[in-house]
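> Sequence first, then the predicted structure:
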There are 2 protein chains.
Amino acid sequence: MDKKDFRSTLIVTATRLFAERGLNGVSIRELSTAAGVSISMISYYFDGKEGLYSSVLAEQFSCFEYMLSIKERTAGPLDKIEEYIRWSIRRNREHPFLLRYYTSELTNPTRYFSVIVQPALETALQILIGIIKEGIDKKLFREELSPEDTALAMAGMVNYYFLSTLATQGFVNHSPERDEELIRHYMDIFTKGL
Amino acid sequence: MDKKDFRSTLIVTATRLFAERGLNGVSIRELSTAAGVSISMISYYFDGKEGLYSSVLAEQFSCFEYMLSIKERTAGPLDKIEEYIRWSIRRNREHPFLLRYYTSELTNPTRYFSVIVQPALETALQILIGIIKEGIDKKLFREELSPEDTALAMAGMVNYYFLSTLATQGFVNHSPERDEELIRHYMDIFTKGL
DNA sequence: GTCTATATTGCGATAGAC
DNA sequence: GTCTATCGCAATATAGAC
C-alpha cells in the first residue's frame, strides 16, 4: 500500500472488494472509484476485470509456497505437524481474505482454479500427507491411520475455525491472543484423542 | 422435480445455478430459460431474484433441524458424536449444493445470513458442544478439552472432506462407498489420537 | 499514464395481452 | 398463471484527448 503506483493500489482495493462480495458482486466502476483511479486503468494494467482478479488470486495463494520449507526441516513428524498448524493459523491471520478466495474457488471455481488454486492446495496437502506417512513409517503414529484422511482432517480443523467465525463469534472467542492455546488444543486432540 | 408447477421448477433450477455461480453470477434471464419458464414468473412467485435466492437458502438449510433429534436421543455422548458425523456426511451427500451456500454465506454473507444460515449453524454447533460437555461431565472425555474448540474441530474435519473435493480428487477417493470407512476413521482419530 | 466520454451489451423488473 | 415486449439502468470495455 506504500507504493503510490496505481497498479498496486488497484490490487489492494480489489483484494478486499472481491473477497467481500465476489468477482461478480463488484463492478469495475465501483472498484476504480474506491481505489481513486480511473476505470480505464483496469484494462490498461490488467487487461480487464478478470485479469485483475487473477492477479489478486495469484498474490493470495503465493504464501502456500511456505509449506516447502516445512517439508525440508530436520524436525520430527510431530514437530512438523505443529508447524503446519501454526503456519495455517498464521496464514489466516496475516491474509484475512485468503479463506474467502479459497472456499469460493473450491465451490465456484473460476478458470484460474486449476492454474493457481489447485496446485497450491495440492502441494500443501501432499506435504502434510508425506509428514503423516513419515510418522507411520517411524512407528510414531498408529499404522491403521489413512495418511490422506488424517491430513484432510487436520487441514479442515484449522480452516474451519476461521471459516465459521461469522456464525460462532457469539459463543467462541476467536481473538488472536488465544491462538497459542488453540495450537496446543489441536495438538492435544490429535495426539491423545478425546 | 416431479411436481410440474413452475414454482418448484424454478427452485430446483435456481438451487443448481446459484450454487454453481453464485447469486450475482446468474441472471434471471438465464435462470428462467434453463427452467423453461418465462422470466416474469420469478417476480410473480418470489418477488424478484433475491426472493428466489432466499427461498433456495431456506430450503437448503432446513435439514439442520435434524440435529435436534440427535440431541434428544438416549444414546451416550460417543454414540451421539458418531451420529453427528454420520449425519454430516449424509447431509453433504444428499444435498450436494448445500456446502456452497454454507461457505458462500459464511464468507460473503447476504442479508439472509443472520435469518437463515446463522441460526441453523449455531443450533447444530451448540448441540454438538453440549454433547461434548456431557461426555466431559460423565468423565468419558478428558476434562482439559475445550468443548467449543473440539466441536469446531469435528465440524471442520467432516465439512472439509467435502469442501476440498475439487482440489484433492486426484489423490483422495471421495466415493460414497468409502463413507463408512471414513466415519470409522474419524471416530478413531478422535477417540485414540494419532 | 491517465483521464473523460461513449459505444454496446445485458441486467432486473414490470405493463399489459391472453 | 403465463407470456411477450419494453423500460430504465448499470455493466464492461475502449476511443481519443491530454
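Sure, I can see it.
> Do you have the helices of chain A handy? List them.
Applying DSSP state H to chain A gives helices spanning A:6-21, A:28-35, A:40-46, A:49-61, A:66-72, A:77-94, A:98-107, A:118-137, A:147-163, A:165-168, A:179-192.
> okay if I get those as CSV plus distance to DNA strand C, mean pLDDT and mean neighbour count?
(Each C-beta comes from the backbone N, C-alpha and C, glycine too.) Shown next, in CSV, are the helices of chain A (distance: least, Cβ to the nearest atom of the strand, whole Å; pLDDT from 0 to 100; neighbours: other Cβ atoms under 10 Å in any protein chain shown):
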stretch, distance to DNA strand C, mean pLDDT, mean neighbour count
helix A:6-21, 4, 98, 19
helix A:28-35, 8, 98, 16
helix A:40-46, 4, 98, 16
helix A:49-61, 13, 98, 19
helix A:66-72, 31, 97, 14
helix A:77-94, 28, 98, 18
helix A:98-107, 19, 98, 23
helix A:118-137, 27, 98, 19
helix A:147-163, 27, 98, 24
helix A:165-168, 25, 98, 20
helix A:179-192, 39, 95, 17
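> what's the closest of those to B:Gln118?
Nearest to B:Gln118, of all the helices of chain A, is helix A:165-168, at 5.1 Å by Cβ to Cβ.
> now for that closest one, which elements pack on it?
Counting contacts by 3 or more Cβ pairs under 8 Å, 6 or more residues apart in numbering or on different chains; DSSP states H and E, helix A:165-168 packs against helix B:98-107, helix B:118-137.
> who are the neighbours in contact with the closest residue to DNA strand C within chain A?
Taking Cβ to the nearest atom of the strand, DNA strand C has its nearest neighbour within chain A at A:Ser38, 2.8 Å off. Residues near A:Ser38 by Cβ atoms under 8 Å, 6 or more residues apart in numbering or on different chains: A:Ser32.
> thinking again about what came up before, so which of the helices of chain A gets nearest B:Asn159?
Among those, helix A:147-163 comes nearest to B:Asn159, with 6.2 Å by Cβ to Cβ.
> Residue numbers of chain A in contact with DNA strand D?
Neighbours of DNA strand D within chain A, by Cβ under 7 Å from any atom of the strand: A:26-30, A:39-40, A:42-43, A:48-50.
> For stretch A:58-78, which outside residues touch it?
Contacts of stretch A:58-78 (Cβ under 8 Å, 6+ apart): A:11, A:15, A:79-80, A:83-84, A:87, A:91, A:94-95, A:97-98, A:101, A:116-117, A:120-121, A:123-124, A:127-128, A:130-132, A:134-135, A:138, A:140-141, A:187, A:191.
> rewinding a little: just put the helices and strands packed on helix A:165-168 in a markdown table and tack on distance to chain A.
Formatted as a markdown table, the helices and strands packed on helix A:165-168 follow (distance: least, Cβ to the nearest Cβ, whole Å):
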| stretch | distance to chain A |
| --- | --- |
| helix B:98-107 | 4 |
| helix B:118-137 | 4 |
